[in-house]
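# just the structure for this:
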Amino acid sequence: MYRTFLAAIASIFIPMALSACAESIESPAQSPSLTTYKSATCGCCKVWVDHARETGFDVVAKDVDDLNSVKKQHGIEPRYQSCHTSVSKEGYVFEGHVPAKMIHQFLENPPKNALGLAVPGMPQGSPGMEVGDRFTPYQVMQINKDGSSVVYAAINSAGEQF
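Residues are numbered from 1 along each chain as shown. So this is what the prediction gives:
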């Protein structure tokens, strides 16, 4: 009788345990993460961080006093620089007001020898730089490890960013 009782208990709990394991194995992937280095006083950087979070990124924002050293450490030449620098857990860099849509696209299929993406300067109407309905077309540059770059995307209207 004791063995029958144990068999009955086992027949209930073993399938439950196995299904719990299966659910954890099949759970969706974690949100992609970025560490964003910025100045504590830059409002547009805060708005860009919100933009990235709203599109599914887990963003850790770090206020730093010397952004130039962060940019130098990550190989971002002055011609590509902007006001903040984001780094993925894979080590790719995203400089400035890069639309989160482009970062997701890049991380899904990183180009060979790419260092990351950059939006040099602070184009009006780019994510974090919205001012009413004003918009200035701009390019998202792919920065390569050898220092070269190519146009990753041309953003000609505000709607193309989202």
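
# pLDDT below threshold where in the protein?
Within the chain, the stretches with pLDDT under 70 are 1-29.

# for it, which segments count as strands?
Ranges of strands in the chain, per DSSP state E, are 33-38, 58-63, 85-88, 93-96, 114-119, 138-144, 149-155.

# hang on, H104 packs against A52?
No - H104 lies out of contact with A52 (Cβ atoms under 8 Å); the separation is 9.7 Å. Quick note: C-beta positions are derived from backbone N, CA and C, even for glycine.

# so the two - more neighbours on which side?
Each of H104 and A52 has its neighbours counted (other Cβ atoms under 10 Å); A52 has more, 24 against 14.

# how close does the more buried one get to D58?
According to Cβ to Cβ, to the nearest Å, A52 and D58 sit 9 Å apart.

# which neighbours do the two share?
Common neighbours of A52 and D58 are listed as L34 (criterion: Cβ atoms under 8 Å, 6 or more residues apart in numbering).

# for the most centrally placed residue in the chain, which residues are in contact?
By Cα atoms, centre = their mean, the chain has its centre lying nearest to L34, at 4.8 Å. Each residue near L34 by Cβ under 8 Å, 6+ apart is listed here: 52, 57-60, 86-88, 94, 103.

# over to E95?
The contact partners of E95, taken as Cβ under 8 Å, 6+ apart, are 71, 76, 80-82, 84-86, 116-120, 143.

# so which of the residues you listed is the closest to W48?
Among those, H84 lies closest to W48 (Cβ to Cβ), at 6.6 Å.
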